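Visitor: need a structure here:
(2 chains)
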Amino acid sequence: MLEISGLQAAIGEQPILRGIDLKIGPGEVHAIMGPNGSGKTTLAQVLAGREDYDVTGGSVTFAGRDLLALNVEQRAREGLFLAFQYPVALPGVTSSYFLRTAVNAVRAHRGQDELSGKAFLELCRQRMELLQMKPELLQRAVNDGFSGGEKKRHEILQLALLEPRLALLDETDSGLDIDALQTVARGVNALRDAQRSFLMITHYQRLLDYIVPDYVHVLVGGRIVKSGDKELALHLEEHGYGWIVAPETATPAAAAARA
Amino acid sequence: MTELAQQLRAERAALSSAGDPPVPGWWEERREQALATLIARGWPTSAEEDWKYTNVAPLLQRGLARAPAPPLTTPPAWATRDGLPEAITLVFVDGHCLGPASGAADLPNGVRVCSLRQALAEDHPALRAQLAQQPALAAQPLAAWSTALARDGAFVYLPQGVVLARPVQLLCLTTRGAAERVVQLRSLLIAEPTSELAVIESHAAAPDAADVACLVNSATELVVGANASVAHYLLQRAGQAATQLATVQATQHADSRLTSLTCVLGGALVRNTIGTRLAAPGAQSTLDGLFFAGGRQHVDNHTTIDHEQPRCASSECYKGILDGAATGVFNGKVLVRPQAQQTDARQSNHNLLLSATATVNSKPQLEIFADDVKCSHGATIGQLDAEALFYLRARGIDEGAARSLLTWAFASEVIERVPFAALRRQLASTVQQRLGLSGLTTT
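Guide: Model (predicted):
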């Protein structure tokens, strides 16, 4: 599904990713953990196509295509989805319009007909039920005045509507209380199947109690320094990141995090 | 006599032989005074700070107000097509009011919604007391021009305590007959103490006259009585070759509330001069605006908020969208006089430049002479937010559509402050059409 080899990325002169290797198979759920400043969010943004980062080395293959050759919207249409840590507010743009525009853009790419207003609303209602969301939310401006929980659920709703092959969840647990976290996790788990893959980025182990990963990776100083199964996450929760030997080229931020 | 004096005198003389009904002597005197003030001051030139970016010198060469009053007495269907059906409506075509107000059958006692000409014929006492009596308006050259030469306009009067549930709508339209001519409008809106009034002043071209190079110069005076509330919506959708000049000046009494919202969506050259004088303690003003210009359009917004007395509050938010080779101006003056303690004044101006050739000149101008005040201002000139653009594209929406949606989002914050749903929808659809968006309803 996704194969990352030796991926390096920088902002200006500052290298952030220093050679990432990661393979995600169909239906697999991976988690990436790591201290602040280790490059977790950068990895998600680079994969989604954010142009502020310069890819300085390596390659990424997604569903048999060279991902790095595609622009942001092409990646989304090919089935890569990023759930944002900080979703952006769009005053004056109703959620229903936004969602329908996105769904139809992806459907057009797949050679499917546009959904009618009625069919779209029906689909929305089904998916919203799963996430315990009120249909009234569709008439509100996107993320405008949404609570933290509403924003994250709205992200997962988009995931449920766009039906991607690979979903990147960037700190989806941040800012959620335990009830909201469980709702979001239930939504994600319902979307797991033998084909759809997930890459979860998180600072804390807590999320992984609810969305149990097949693999856990530890990112430090822009490199994956350790991989394992869900036991690794529990170990990290107990012992922190300090016991992991960082690569020699670790950034000062990562060194500080170890100290 | 200077050239300006000669020309203005000739226009005045032509007016007196235009066959308009006679007006009271006091009005002739005030018009004469306005003319003299304008002549003494001189026509604005770009050497003046307030006229630095907008050259109105060539406008004086236009053939003025000689067009005879049109024979129409009832407005044609196209005139009210874009109006608000529930409103009390006055229709102006090329500067002349057509017939009495519609929807005015059951107005409360003492309420007047009529043409200025009608009010002058009646010699309404409030007209004599208030028309052209605000020094801040008299000092504006374009307002003086209108006072001296306008043949008609609107008069709205609410007696004390009257809450008018329906808005008053002034539909000001230009036809092919206004080509190369100046259309002058002079209006007075009075809300006596504790009354409530909403007025929509809408300027547009007739359906077959969108390409006509007309010039509309309007001056609107507002008097907001103690604890009264007035909302004034200035909606400009002039044709692409039109010049649209507007002066709006309010005087606010104690604890009064003024809402001014300006929406500029058309015209080749637009200059709006909007001011309010917080003349007694406890008054509140909100001045909001949206201007969206493309091609070679030029839109100049000058606002003045004069905090004359203590414990008044003002809040101002103007947003500009400039595309193509358009130019925009925002000049927001906030004056806090020495006695205006405990003033709370907030101002913001945000501008979006959609092309490399569009320009905007943003000038907040705060002059504060009191010490116990809260004043803030912020001005930004920028492009669309990169984070938001990424968010939309990451949902599969192509970059062009994403840019349009974000531009709409920027504009909608002002449009959504219009409290009339039908009007909000119209403004929204005008902006959305220009952005190539369809099927988007307002929130």
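
Visitor: which helix or strand in the chain has the lowest average pLDDT?
Guide: By default, I'm working from chain A. Using mean pLDDT, DSSP states H and E, helix A:252-258 stands out as the lowest-scoring helix or strand of chain A, at a mean of 47.

Visitor: oops, wrong one, chain B.
Guide: By the measure given (mean pLDDT, DSSP H and E), helix B:77-80 is the least confident helix or strand of chain B, showing a mean of 82.

Visitor: buried ones in that helix?
Guide: B:79, B:80 (16 or more other CB atoms under 10 Å in any protein chain shown). No exception for glycine: its C-beta is placed from N, CA and C like everyone else's.

Visitor: and if you look at stretch B:11-31?
Guide: Neighbour-count burial for stretch B:11-31 [16+ other CB under 10 Å]: B:11, B:12, B:15, B:27, B:30, B:31.

Visitor: how about stretch A:8-26?
Guide: A:8, A:9, A:10, A:15, A:16, A:17, A:18, A:19, A:20, A:22, A:24.

Visitor: I'd like to know which of those residues is nearest to residue B:300.
Guide: residue A:10 (44.7 Å; CB to CB).

Visitor: what residue ranges in the chain score low on pLDDT?
Guide: Just so you know, I chose chain A. A:245-259 (pLDDT under 70).

Visitor: nope, chain B please
Guide: Looking at chain B by pLDDT under 70, you get B:1, B:62-73, B:441-443.

Visitor: with adjacent residues omitted, what lies nearest to residue A:4?
Guide: residue A:22 (4.4 Å; CB to CB, 6 or more residues apart in numbering or on different chains).

Visitor: one more: residue B:132?
Guide: residue B:30 (4.7 Å).

Visitor: on that earlier part again, ok, and what's touching the least confident helix or strand of chain B?
Guide: B:89, B:91, B:93, B:98, B:102, B:171, B:173, B:206, B:207 (CB atoms under 8 Å, 6 or more residues apart in numbering or on different chains).

Visitor: SS state for the residue in the stretch 151-300 of chain B that chain A sits nearest to?
Guide: As assessed by CB to the nearest CB, chain A sits closest to residue B:290 within the stretch 151-300 of chain B, at 11.5 Å. With DSSP: H, G, I helix; E, B strand; the rest coil as the basis, residue B:290 sits in strand.

Visitor: make sure it is actually in contact with residue B:418.
Guide: No. Using CB atoms under 8 Å, residue B:290 is not in contact with residue B:418; the gap is 9.9 Å.

Visitor: if we can go back for a sec, what is the most widely separated pair among the contacts of helix B:77-80?
Guide: Pairwise over the contacts of helix B:77-80, using CB to CB, the maximum falls at B:102 and B:207, 19.7 Å.

Visitor: please enumerate the strands of the stretch 101-250 of chain A.
Guide: Using DSSP state E, counting those that start in this stretch, the strands found in the stretch 101-250 of chain A span residues A:141-142, A:166-170, A:197-202, A:215-220, A:223-228.

Visitor: which one, of those, ends up nearest to residue B:357?
Guide: strand A:141-142 (30.8 Å).

Visitor: give me the neighbour count for residue 131.
Guide: Using chain A here. For residue A:131, the number of neighbouring residues by other CB atoms under 10 Å in any protein chain shown comes to 21.

Visitor: that's the wrong chain, I wanted chain B
Guide: With other CB under 10 Å as criterion, residue B:131 counts 24.

Visitor: pretty sure it sits against residue B:188.
Guide: Yes. Residue B:131 lies in contact with residue B:188 (CB under 8 Å); the separation is 5.2 Å.

Visitor: touching both of the two, which residues are there?
Guide: residue B:221.

Visitor: between residue B:102 and residue B:207, tell me which one has more neighbours.
Guide: Taking other CB under 10 Å, residue B:102 and residue B:207 do not tie; residue B:102 has more neighbours (19 against 13).

Visitor: can you tell me the closest non-neighbouring residue to that one?
Guide: Closest to residue B:102 by CB to CB, 6+ apart is residue B:89, at 4.8 Å.

Visitor: do residue B:74 as well
Guide: residue B:99 (5.2 Å).

Visitor: my hunch is that that neighbour is in a strand, does that hold up?
Guide: No. Read with three-state DSSP, residue B:99 is coil and lies in no strand.

Visitor: got the domain ranges for chain B?
Guide: B:3-280, B:391-443 (automatic domain parsing).

Visitor: rewinding a little: okay, residue B:290 and residue B:418: which has more neighbours?
Guide: Legend: neighbour count by other CB under 10 Å for residue B:290 and residue B:418, higher for residue B:290 (26 against 23).

Visitor: for that one, list each beta-bridge partner.
Guide: Beta-bridge pairing of residue B:290 under DSSP bridges involves residue B:263, residue B:319.

Visitor: the helices in chain B, which residues?
Guide: Using DSSP state H, the helices found in chain B span residues B:3-16, B:25-41, B:77-80, B:116-122, B:125-130, B:135-138, B:141-149, B:386-393, B:399-415, B:421-434.

Visitor: a markdown table please, covering those helices and showing distance to residue B:61.
Guide: Shown next, in a markdown table, are the helices of chain B (distance: least, CB to CB, whole Å):
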| stretch | distance to residue B:61 |
| --- | --- |
| helix B:3-16 | 9 |
| helix B:25-41 | 16 |
| helix B:77-80 | 29 |
| helix B:116-122 | 27 |
| helix B:125-130 | 33 |
| helix B:135-138 | 24 |
| helix B:141-149 | 14 |
| helix B:386-393 | 45 |
| helix B:399-415 | 35 |
| helix B:421-434 | 31 |
